[in-house]
Each structure stands twice: as C-alpha cells, then as structure tokens.
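1. Give me a model of this one.
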Amino acid sequence: MAPTAVLCGDVTVGDEARILFGAVLAAEGGEIQVGGRCIVMENAVLRGREGHPVTLGDHVLVGPHAHVNGATIDDDVFLATGVSVFPGARVGKGCEVRINGVVHVNSALREGVTVPIGWIAVGDPAELFPPEAHEELWPIQRRMDFPRTVFGIERAEMTMEKVARRYAERFGRHRDDRVLE
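-> Take a look at the predicted model:
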C-alpha cells in the first residue's frame, strides 16, 4: 500500500493487491473486499455503504480517478481512468469499462461486456448508451431509482437539503477517527 493511500473502516485487501498513491477505500457502513492481485490506481475511490458493500474479485484493475461506490466487480475486470460505478451495480467477469464510462445504480453488466469510452450502462441487464442519448436512456435510468438507492429518499421528496443532511450525518462518523501506525 502506498504511503498516501487511505483505508478507513472494514477494508480487506487480498494477497498481492496494490493500493497506489492517493487512493481512498472508505467503508462507510458497508465493507470493502479487494481480491487478490488487484490494482487500485492513483486517486481512485472505493466506498462501501450501508446495504451496498464493495467487492472486487481477483485480477481487477481500477484506473486513476475511478469511483466504485457500493458495487460488485467480478474477476478479471478493467475499470479505466475516470470510470464511475454506482451503488447496487454488478460488473460481470471479464468486462471492460473504458475511460469515463458509467455503470448506473442497480445495473448489471453481463460477463465480457465492454462499455465504450464515455458511454453509460443502465438496466438489468444493462443496455449501453452514448452520452448524448439522454432521452433514450432516461426511462430506464428512472426505473433504476437513484434517489432511493443512493440517498434513501423518494424521488418526489428529494431536495438538496435532505441530501446534504444525510451526507453530513453519514460522513460525520469520522470526526473522532485516528491514524493507525
């Protein structure tokens, strides 16, 4: 583990895995399990959350500035630079999510699927959309229920005040944390 990497909470790192400079693995009420021979590159963030732990299988590469939040990543997966994988998502064995690709909440990529650069995977099973296809992907995305999955709030009741309150409570848990040598 690099000296500037941060592991916080219930985090397990498998044999020969590498956590590089600036990476953050934060178990925010949900555990994080990193499999064997995984690489979590610079400034990547893995966040386990209540009801949505993070699991990386073996031989997973999480690229720089990627974000895996409450998701299950199977063996032999490549998540490129800037990828976002949201809570409840499942990425099957041998998948590739290329630069700035997105796997939306509660979506499931079947084994061996490649998400092209900047594209969005949404649904179960996931359908792939280019970034300009908002009108086509929105009906599926809406059904995946981001507000309830991520914030525990009904879409009709979601306000930024409620979101900020939930996050302030959740992230306030670390006020009394201490650095372990």
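2. Just give me the residue right at the centre of this structure.
-> Residue closest to the average C-alpha location in the chain (Cα atoms, centre = their mean): residue 68, at 1.8 Å.
3. quick one: that residue is in a strand?
-> Yes: under DSSP: H, G, I helix; E, B strand; the rest coil, residue 68 sits within a strand.
4. same question for stretch 107-114, mean pLDDT?
-> Throughout stretch 107-114, pLDDT has a mean value of 98.
5. and it, how far apart are its ends?
-> 14 Å (Cα to Cα, to the nearest Å).
6. Now find how far off-centre that stretch is within its chain.
-> Taking Cα atoms, centre = their mean, to the nearest Å, the mean C-alpha location of stretch 107-114 is offset from the chain mean by 15 Å.
7. Report the buried residues of it.
-> 107, 108, 109, 113 (16 or more other Cβ atoms under 10 Å). Bear in mind the C-beta positions are built from the backbone N, C-alpha and C, glycine included.
8. gap between the third one and residue 96?
-> The gap separating residue 109 from residue 96 is 10 Å, by Cβ to Cβ, to the nearest Å.
9. pLDDT below threshold where in the chain?
-> Residues of the chain that meet the criterion pLDDT under 70 lie in 174.
10. Need the buried residues of stretch 107-114 in TSV (columns: distance to residue 55).
-> Below are those laid out as TSV (distance: Cβ to Cβ, whole Å):
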residue	distance to residue 55
107	16
108	14
109	14
113	18
